[in-house]
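Novice: below are the sequence and a predicted model; questions follow.
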Number of protein chains: 2
Amino acid sequence: MENKTKPFGCIGIVGLGLIGGSLGLDLQSLGWNVHGLVHRETTLKRAKARRLAQVVSTDAKILADCDLVIIALPLENLLRPSAELINALPESAVITDVGSVKEPVLNLWKQLHPKFVASHPMAGTNNSGVESGQLGLFRQRAWVTTPDNETDPKALEMIHQLATALESHWITANAKKHDQAVALISHLPVLISAALLRTIGKEHDKNIHELAKLLASSGFSDTTRVGGGNPELGTAMAANNTSSVLQSLSSYRESLDLIEEAILSKNWQLLNAELEQTKTIRSSFLKKKTD
Amino acid sequence: MENKTKPFGCIGIVGLGLIGGSLGLDLQSLGWNVHGLVHRETTLKRAKARRLAQVVSTDAKILADCDLVIIALPLENLLRPSAELINALPESAVITDVGSVKEPVLNLWKQLHPKFVASHPMAGTNNSGVESGQLGLFRQRAWVTTPDNETDPKALEMIHQLATALESHWITANAKKHDQAVALISHLPVLISAALLRTIGKEHDKNIHELAKLLASSGFSDTTRVGGGNPELGTAMAANNTSSVLQSLSSYRESLDLIEEAILSKNWQLLNAELEQTKTIRSSFLKKKTD
């Protein structure tokens, strides 16, 4: 790290989808040399056309000179890396990922590479794929890392510098607690929102179904956004954070029971008190956003 | 109706909150004479200052000359109208409401007034109260009426003209089917969203709770918007559409069971297929919005 403003000689990005592509654009705009590794020829063409990296290739050898490699693959691929990818990662480089679940990623990757740091940049849009990368995606968003006591402190510091350069908020957390927290605020919403869509979709009375379609407005649209999102991503979250997701679903069921019970017993005072409380909870969760 | 562009000599609006206040602004901008009846002196001052009607009063006598009276009270008050209000409604006027539940409203009000037409303009924001009325709230939104075979056809036609003047989409439906449809796309979302907030709020592990707060982003924000909204409105919906709400909750529980079962049995193919389907359902519900 001879140059303070350019700590990394060459940064490798594996996968140029929403997260990888956005990183490629940001890092180039910061003056860094980005090498992007992609799987398919068609992706390679589009990534080159969109200038997501200075060098784009389907050959993992382009990672050879990199000081830092960011693995921006879908969770399923991150957890089942090819031998070719593993062998292409320089021993001296710092390796990080962008997966939304951290415990299984950390457990696997710390065995695969001595300088692995588990990352979860909390940035997403409804888009995915090589056309979706955009500048500034990580600005003012959380960049969570989940180091354990075996994580190389210098490697962690390099990721800290990366997150800072991207203007992200730096957060470190225990991997298991991270997975439980994202189960609550990210994975559970997908499932309960999907269950809502399923309920509306299976309404068998044609008149009601058509009327529901006509009357659906912003409340429907907002509440169902994540449940009508990327199916592979939703499945991968549940498949790789299963115990935390099941725990949050079980806790959710208790809350739903309580609300249903209040309605069944026509205890409107209790229902109103619960809704007063949920209003307060939401405010407290969103308040810090503007702090 | 001597003047085609001004079918109503004077329009009374009872309650100048979000819906009533917005109606007052729109109807005045269309050149009509609006009389607003409010309950409190403080509301009267603000309604006058905001010019929500040409005449604002706490005295129901101002409705005496109106050809049309729109009762824009909260559902609870609409279903428990004061004797003073009932007595002040001109026998010859057409009366309508703006309540989000229609069967109990229609059943009550058709006994109270011979020219009652049950309406549900589907417009809402997160705001309420005398400060929240705004121009153009009903434009391109659904205006549902739920006439039955006792509804006066001329009265219905007057409401049709009103909705058309406000540039709303005119929809007529059976009151019971309307209530079942809004239970699915409006009331159920509030409850399942509130249950999500409750689940997150009751997380007892302080680290997870704090981390969830830090990491909550747009997915959390969208999915919880309606569950963190107006508690009185949510309670009133459940209290006045109880059977449809309970039916939709029961159907929702089946959907949640199926999703949980897929995760418990690690049937990722099934979960993925379900999420593919919910994505399709959402698209089909939102497509008509831009048609």
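Specialist: Ah, there it is.
Novice: tell me which stretches of chain A form helices.
Specialist: A:18-29, A:41-49, A:75-78, A:83-88, A:103-112, A:153-165, A:175-182, A:188-201, A:206-215, A:218-224, A:231-240, A:242-264, A:268-287 (DSSP state H).
Novice: for the last one, name the packing helices and strands.
Specialist: For helix A:268-287, the contact count by 3 or more CB pairs under 8 Å, 6 or more residues apart in numbering or on different chains; DSSP states H and E identifies helix A:242-264, helix B:188-201, helix B:206-215, helix B:218-224, helix B:231-240 as packing neighbours. (Glycine included, C-beta is placed from N, CA and C.)
Novice: got the angle for the last one vs helix A:268-287?
Specialist: In this case it means helix B:231-240. Angle, helix B:231-240 to helix A:268-287, by axes from the mean of the first three to the mean of the last three CA atoms, to 10 degrees: 140 degrees.
Novice: what's helix B:231-240 in contact with?
Specialist: Outside of helix B:231-240, the residues within contact range by CB atoms under 8 Å, 6 or more residues apart in numbering or on different chains are A:263, A:266, A:268, A:271-272, A:275-276, A:278-279, B:74-76, B:79, B:100-101, B:104, B:128, B:186-187, B:190-191, B:194, B:227, B:245.
Novice: the shortest one too?
Specialist: Among residues not part of helix B:218-224, those counted as contacts by CB under 8 Å, 6+ apart are A:124, A:185-186, A:189-190, A:192-193, A:222-223, A:225-226, A:278, A:282, A:285-286, B:193, B:196-197, B:200.
Novice: right, and residue A:103 touches residue A:179 too?
Specialist: Yes: with contacts defined as CB atoms under 8 Å, residue A:103 counts as touching residue A:179 at a distance of 5.1 Å.
Novice: what do the two both touch?
Specialist: Counting by CB under 8 Å, 6+ apart, the residues touching both residue A:103 and residue A:179 are residue A:241.
Novice: quick one: which of these two has more around it?
Specialist: residue A:179 (28 against 21; other CB atoms under 10 Å in any protein chain shown).
Novice: for the more buried one, what are its contacts?
Specialist: Each residue near residue A:179 by CB under 8 Å, 6+ apart is listed here: A:101, A:102, A:103, A:241, A:244.
Novice: most neighbours among those residues, which one?
Specialist: Counting by other CB under 10 Å, top hit in the contacts of residue A:179: residue A:101 with 28 neighbours.
Novice: for that residue, give me the pLDDT.
Specialist: With respect to pLDDT, residue A:101 has a value of 95.
Novice: residue contacts, it?
Specialist: A:75, A:179, A:182, A:237, A:240, A:241.
Novice: distance of residue A:225 relative to residue B:282?
Specialist: Using CB to CB, to the nearest Å, residue A:225 is found at 8 Å from residue B:282.
Novice: what's the answer for residue A:99, then?
Specialist: Distance from residue A:99 to residue B:282, counting by CB to CB: 25 Å.
Novice: kindly report the same for residue A:165.
Specialist: Taken as CB to CB, the span from residue A:165 to residue B:282 is 37 Å.
Novice: tell me which of the two has more neighbours.
Specialist: residue B:282 (24 against 18).
Novice: go ahead and confirm the more buried one touches residue A:216.
Specialist: No: Residue B:282 sits out of contact with residue A:216 when judged by CB under 8 Å, with a separation of 9.3 Å.
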